[in-house]
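> sequence first, then the predicted structure, then my questions.
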Amino acid sequence: MKVLISIFFIFLYVSVIGQTGTYRLVTTTGASSTMVIRSMQSTVVADVFAWWNIPSGTHGTFSGKGTCTGNSCFLKEKDDQGCTLKLTFVGKQLKVQFSGCNRQNIPEDFSGSYNQLTLRTHGTYRTRPAKTYFYKYPRLTKTRKNYLRKGTTVQVNIENIVDDRWVYINCRDNLGKVSSGYILWSSLGQ
């Protein structure tokens, strides 16, 4: 009996940890929503950045916490308890349903099937190679002249996660000069 209970908890722990990562929805109008999920045991935290793809640059955010049962999670927005989020994990896809969120925050237009971009999430990272070069585009073709030295701390923002390979970084040095561009995720560690 103890073995069965142990196996159950190991399965539950592995399935929840497997949900951590970054997911994205792109609508037919070009609007997009990027969601970062961090889960630990039965608790899940979600941060969302949604962009409407209109000239005014309108965007919305959601930051909430909740619990998971099986492959479904229910979260409430930390600043608006009436705004809820239901997540259902299906392989590398995430079925998302926003409910009761105000129009300036995240409307229900951003409900749908999100695809997993990467297992990485937004946050603070440090560069690992002796020199981490910036690229003009998210491909290994044209590097910029500027680079970051090993151990440089960078902040990865949710809206700048491109995919499993690339992230866009804005980094200010000690003199106040800002360097921007795409860098490889593999150049970053925590």
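That came in fine, so what should we check first? As the structure is a computational prediction, the values presented were derived from the model and not from experiment. Numbering: from 1, shown residues only.
> from now on I want contacts and neighbour counts done on CA atoms only, so please keep to that.
Will do.
> N157 touches N170, doesn't it?
No: taking contacts as CA atoms under 8 Å, N157 lies outside contact range of N170: 9.3 Å.
> residues contacting R149?
T127, P129, A130, K131, T132 (CA atoms under 8 Å, 6 or more residues apart in numbering).
> what do you get if the cut-off is 6 Å, keeping everything else the same?
By CA atoms under 6 Å, 6 or more residues apart in numbering, the contact set of R149 is A130, K131.
> next, give phi and psi for it.
phi -80, psi 160 (degrees, to the nearest 10).
> report pLDDT for it.
The predicted structure scores R149 at 93 on the pLDDT scale.
> can you give me the distance of it to T132?
6 Å (CA to CA, to the nearest Å).
> count the residues that sit near the nearest residue to R172 once chain neighbours are set aside.
Excluding its sequence neighbours, the residue lying closest to R172 (CA to CA, 6 or more residues apart in numbering) is V178, at 4.3 Å. Look at V178: counted by other CA atoms under 10 Å, it has 11 neighbours.
> quick one: V178 and I169 touch, right?
No: judged on CA atoms under 6 Å, V178 makes no contact with I169 at a distance of 9.9 Å.
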